[in-house]
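[1] below are the sequence and a predicted model for it; my questions follow.
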Amino acid sequence: MQETCKTLKAADLEKLEEICARRGADQGAVIPILQDIQEVFGYLSEDAVNFAADRLEMPRSHFYGVATFYAQFHLRPRGRNVVTACTGTTCHVKGSENLISILGRELGIPEGQDTSPDMNYTLEKINCVGACSIAPVIIINNGVHSKMNADKITKEVIKLKGADDGKQRGKD
């Protein structure tokens, strides 16, 4: 099991041990274990998932099957701020792809990536948020923004960056 923990520190291993011990080793524990790991680490790292699967003597594929099935789980680190863009039919017809391009550029997210290099912003696309009557819809840190256009999205990004700058200044 030691080779599955290449990037995990001793403190991380202790946290994982505690999660596995608390949740138990039955098939029904996989989702709560993954939720706990993501809560502690912010995402599901390969080493953390492999550790849990090996520790509980379950196939790694079972853990990854669950982690990739549910949208709540993230296999890569995410930014402190998460912006979700709906790409459903109604949002698409009303210009969501243009808004996604603007968001990516304004948030400094490189082409083909979903998170900015400074880990401040993650831009994710989802198939439908179920709010077609107020399309196009963008969700910023769980706040829903409706009937978006280029001007509105630019203003929201400015507000988001301003709020984020304030948080950064408070840490200095």
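    Here it is on my side, so go on. Bear in mind that the values here come from a model prediction, so they are computed numbers and not experimental data.
[2] tally up the residues packed near Arg22, please.
    Residue neighbour count, defined by other Cβ atoms under 10 Å, stands at 11 for Arg22. From N, CA and C alone the C-beta is placed, and that goes for glycine too.
[3] and it, that one's in a strand?
    No: counting by DSSP: H, G, I helix; E, B strand; the rest coil, Arg22 is not part of a strand but helix.
[4] where does it land on pLDDT?
    For Arg22, the model assigns a pLDDT of 88.
[5] kindly report the same for Gly79.
    For Gly79, the model assigns a pLDDT of 94.
[6] where does it sit: helix, strand or coil?
    State at Gly79, reduced to three classes by three-state DSSP: coil.
[7] domains of the protein?
    As assigned by automatic domain parsing, the chain contains the domains 2-69, 81-171.
[8] least reliable of those domains going by mean pLDDT?
    Across the domains of the chain, domain 2-69 gives the lowest mean pLDDT, at a mean of 87.
[9] ok so, going back, include distance to Leu75 when you put the domains of the chain into CSV, please.
    Output for the domains of the chain, formatted as CSV (distance: least, Cβ to Cβ, whole Å):
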stretch, distance to Leu75
domain 2-69, 5
domain 81-171, 11
